[in-house]
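In: this is the structure alone, sequence omitted:
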């Protein structure tokens, strides 16, 4: 395994992390779509109930094991996710890299997301609110969380983020989007370092990877385990609580069906490659992370955690490293794809 595997530089910045981060969508607890949100009114947007004490234990255990990058958003639990992350990491703040996101308005008391706002004034307001909840004086990576924001608004957003960088409130920034044109919109600005996008074994993102490599961005990989599906814990007979987004999946969430049942189609796809992913003692989740690392050296997957066991399993994937070229070729063949590396 290359010695470079264990280090990821965020763009041209001086920020260095390991090859894996921790996602915190799940620890925000339940939250829902409110007036102005593009999802149906009252739709669940979180992963259901989370135990705050357990979440803090998991985050601190990840840090003990050497994890440095922790990703969150002000939208997760309408601020609650940031509060939990801030509490967990406040005593080791200088040793970790905190990434958070902005652009969604919300009612924290009602736990409702409202419409988007990426105006300069709101960005500043959101930044100061996140700093307070995170119990920190600076944010390492600040992502725009409106994936479809009109491109003509991007310069004003970037100008505001550049100003926040000069003021020392943020160290770097990027766009959380699955569109290569939007991902490239911040390119060339010194503090623009990352793009955050969906990618996993089921759904590759070659155009986004190419954009990262062209513009020297680090690719922060959302949904690397397909919202838990690639852990192997779910089946067509699974059921999830009503406050879990996977129980009432929106159109883009294809891995689960109404009620939280695992999609039979995706279960069959996973079975086709299960043996390769679990070779050499890996768990399914570890194999899925290894597939992402093998796709591109610029990737930093951020699987979500809620428990110490999840943190330990995910971090354990680093010891195995990426899948081999032969394994990647075999997976591509089984899935009916062209060679991926």
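Out: Everything's here; your move. Remember, predicted model here, so these are calculated numbers, not experimental data. Residues are numbered from 1 along each chain as shown.

In: could I get the full set of helices for the protein?
Out: Assigned by DSSP state H, the chain shows helices spanning 52-64, 80-89, 120-134, 154-166, 180-183, 206-215, 264-277, 284-295, 308-320, 325-334.

In: buried residues in the fifth one?
Out: Residues of helix 180-183 classed as buried: 180, 182-183 (neighbour count, 16 or more other C-beta atoms under 10 Å). Heads up, the C-betas are built off the backbone N, CA and C, glycines and all.

In: how far does stretch 204-219 sit from its chain's centre?
Out: Distance, stretch centre to chain centre, for stretch 204-219: 15 Å (C-alpha atoms, centre = their mean, to the nearest Å).

In: and stretch 23-35, by the same measure?
Out: Per C-alpha atoms, centre = their mean, the centroid offset for stretch 23-35 relative to its chain is 14 Å.

In: what about it, how long is it end to end?
Out: One end of stretch 23-35 to the other measures 27 Å (C-alpha to C-alpha, to the nearest Å).

In: which residue is nearest the middle of the chain?
Out: residue 222 (3.4 Å; C-alpha atoms, centre = their mean).

In: pLDDT below threshold where in the chain?
Out: Applying pLDDT under 70 to the chain picks out residues 1-3, 338-341.

In: residues contacting the residue nearest to the centre of the chain?
Out: The contact partners of residue 222, by C-beta atoms under 8 Å, 6 or more residues apart in numbering, come to 23, 176, 196-199, 302.

In: could you do residue 303 as well?
Out: By C-beta under 8 Å, 6+ apart, the neighbours of residue 303 are 20, 22-23, 224-225, 285, 289, 310, 314.

In: ok, now residue 164?
Out: Counted by C-beta under 8 Å, 6+ apart, residue 164 has contacts 123-124, 127, 142, 170, 173.

In: then residue 15?
Out: Counting by C-beta under 8 Å, 6+ apart, residue 15 has contacts 9, 97, 140-141, 171-172, 193.

In: most neighbours among those residues, which one?
Out: The residue in the contacts of residue 15 with the most neighbours, by other C-beta atoms under 10 Å, is residue 141 (28 neighbours).

In: roughly how far apart are that one and residue 97?
Out: 7 Å (C-beta to C-beta, to the nearest Å).

In: that older thread, looking at the buried residues of helix 180-183, which one is closest to residue 70?
Out: Set against residue 70, the nearest of the buried residues of helix 180-183 by C-beta to C-beta is residue 183 (22.0 Å).

In: does the closest one touch residue 194 like I think?
Out: No: if you go by C-beta atoms under 8 Å, residue 183 and residue 194 don't touch, sitting 9.6 Å apart.

In: can you check which residues contact both of those two?
Out: Listed as contacting both residue 183 and residue 194 by C-beta under 8 Å, 6+ apart are residue 217.

In: can you give me phi and psi for the nearest residue to residue 89 once chain neighbours are set aside?
Out: Computed as C-beta to C-beta, 6 or more residues apart in numbering, the closest residue to residue 89 that is not its neighbour in sequence is residue 96, at 5.4 Å. Here is the backbone geometry of residue 96 (degrees, to the nearest 10): phi -120, psi 160.

In: can you count the residues close to residue 96?
Out: Other residues close to residue 96 by other C-beta under 10 Å number 20.

In: could you do residue 246 as well?
Out: When neighbours are counted by other C-beta under 10 Å, residue 246 comes out with 24.

In: wait, it sits on residue 260?
Out: Yes: between residue 246 and residue 260 there is a contact at 5.2 Å, judged by C-beta under 8 Å.

In: and for the two, which residues touch both?
Out: With C-beta under 8 Å, 6+ apart, residue 246 and residue 260 have common neighbours residue 240.

In: can you pull the buried residues of stretch 13-21?
Out: The neighbour-count check on stretch 13-21 (16+ other C-beta under 10 Å) flags 13, 15, 17-21 as buried.

In: ok, back up a step: export the contacts of residue 222 to JSON lines and tack on neighbour count and distance to residue 87?
Out: Shown next, in JSON lines, are the contacts of residue 222 (neighbours: other C-beta atoms under 10 Å; distance: C-beta to C-beta, whole Å):
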{"residue": "23", "neighbour count": "26", "distance to residue 87": "17"}
{"residue": "176", "neighbour count": "24", "distance to residue 87": "24"}
{"residue": "196", "neighbour count": "28", "distance to residue 87": "23"}
{"residue": "197", "neighbour count": "26", "distance to residue 87": "29"}
{"residue": "198", "neighbour count": "18", "distance to residue 87": "28"}
{"residue": "199", "neighbour count": "23", "distance to residue 87": "30"}
{"residue": "302", "neighbour count": "24", "distance to residue 87": "20"}
